[in-house]
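> Return atomic coordinates for the entry below.
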Amino acid sequence: MGAKAKKGNVVKYNKWGYIFLIPFLLVYIVFQLIPLITTVYNSFFENYRSGLTQIGPNFIGLDNYKTIFTNGDMIQYFKNTMIMWVMGFIPQIIVSLLLASWFSNPSLRLKGQRFFKTVIYLPNLIMASAFAMLFFTLFADGGPINSMLMQMGILSSPFKFFSNIWSSRSLVSFMNFLMWFGNTTILLMAGMMGIDTSLFEAAEVDGATSSQVFFRITMPLLRPILIYVVITSLIGGLQMFDVPQILTNGTGEPMRASMTLIMYLNKHLFSKNYGLAGALSVILFIVTAILSFIVYNFSNKPQD
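Numbers count the residues shown, from 1 in each chain. Below is the predicted model:
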């Protein structure tokens, strides 16, 4: 009887757990699962507007996927996205590792740590659209940056930042760096503060240098957080949209060198080509799923 009563109490508690899960399940089904299924369904149909005429929806199978892979645009836009992500992420991870190691090192006894932590995280709280408009104004042909460079004698005429492939890519990458390095620093710092301090003390007693401690102790133990940061940043890079969209007015100019995959997707949605937009969304979903699997695989890989 006692075991049955105990089992009954467990079932009763479980019932309340399921009841509290209902709001989440409803939101997930309505706003995530149904749109996902609808997107996959639409990707197999020809469904677009030509002028005032609505074409479709007509079932065409995998033709939308063939169109995306054969016209070459997706490969180019994927390349653009990855180039800008790498240009922004490499400085981000280097600066974040340095700041995290400084802030988490008790021997340095840095003053005003709370102030500096707040300052480096502040850009993450600013809307990307506001950030993009600020940079658009600063680096315009008649903006403050060009005026300063001309007054210093570095330039004789205004430099067209938004008409040069690498300067436009560099601006997008620099903005993403500024917006996210604070968040990355906090994550890495939390990982470093979770490392047992006795390991550092033992290394110090053995005569290890600061660089040896960092590369032989800190980095290996920080691997799960680093993998998480890399993959989530890569997924965020694949979803890069608002900054290049505003800076280039949605054109990705010059020569579409700043056009990203999500900007390409947005063009199909804006033109109401739901079939191609659905196919591109499914491809991005598959890439994201693969990256998520990589995170899971690396996180569960035993340490050497």
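> Can you give me the neighbour number for Leu187?
Using other CB atoms under 10 Å, Leu187 has 17 other residues around it. Where you see a C-beta, it was placed from the backbone N, CA and C, and this is true even at glycine.
> wait, Phe89
Phe89, neighbours per other CB under 10 Å, totals 23.
> what's near enough to touch it?
Asn176, Phe177, Val230, Ser233, Leu234, Gly237 (CB atoms under 8 Å, 6 or more residues apart in numbering).
> Ok, Phe241 next?
Contacts of Phe241 (CB under 8 Å, 6+ apart): Thr260, Ile262, Met263, Asn266.
> what does Ser233 give?
Taking CB under 8 Å, 6+ apart, one finds Trp85, Phe89, Gln92, Trp180, Thr184 in contact with Ser233.
> Name the nearest residue to the last one, ignoring sequence neighbours.
Nearest-residue entry for Thr184: Ser96, 4.0 Å, with adjacent residues in sequence omitted and distances by CB to CB, 6 or more residues apart in numbering.
> Now for the one you found, how many residues are close by?
By other CB under 10 Å, neighbour count at Ser96 equals 24.
> sorry, back to before: nearest to Trp102 among the contacts of Ser233?
Thr184 (14.3 Å; CB to CB).
> ok, the closest one to Pro123 distance?
12 Å (CB to CB, to the nearest Å).
> How about Phe270?
Distance from Phe270 to Pro123, by CB to CB: 29 Å.
> for this protein, what spans make up the strands?
45-50, 53-59 (DSSP state E).
> so which of the ones you listed is the most packed in?
strand 45-50 (a mean of 16; mean count of other CB atoms under 10 Å).
> strands paired with it, and their directions?
strand 53-59 (antiparallel) (DSSP bridges).
> Look up how far Tyr48 lies from Phe181.
41 Å.
> hang on, Leu97 packs against Met189?
No. Leu97 lies out of contact with Met189 (CB atoms under 8 Å); the separation is 9.8 Å.
> got a list of contacts for stretch 266-283?
39-49, 56-57, 60, 64-65, 67-68, 74, 241, 245, 250, 261, 264-265.
> which parts of it are buried?
267-268, 273-283 (16 or more other CB atoms under 10 Å).
> most neighbours, which of the contacts of Ser233?
Thr184 (26 neighbours).
> Show the contacting residues for that one.
Gln92, Ile93, Ser96, Val229, Ser233.
> want to throw these into JSON lines with pLDDT and distance to Ile290?
As requested, those are exported to JSON lines (pLDDT from 0 to 100; distance: CB to CB, whole Å):
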{"residue": "Gln92", "pLDDT": "91", "distance to Ile290": "23"}
{"residue": "Ile93", "pLDDT": "90", "distance to Ile290": "21"}
{"residue": "Ser96", "pLDDT": "91", "distance to Ile290": "25"}
{"residue": "Val229", "pLDDT": "87", "distance to Ile290": "18"}
{"residue": "Ser233", "pLDDT": "87", "distance to Ile290": "16"}
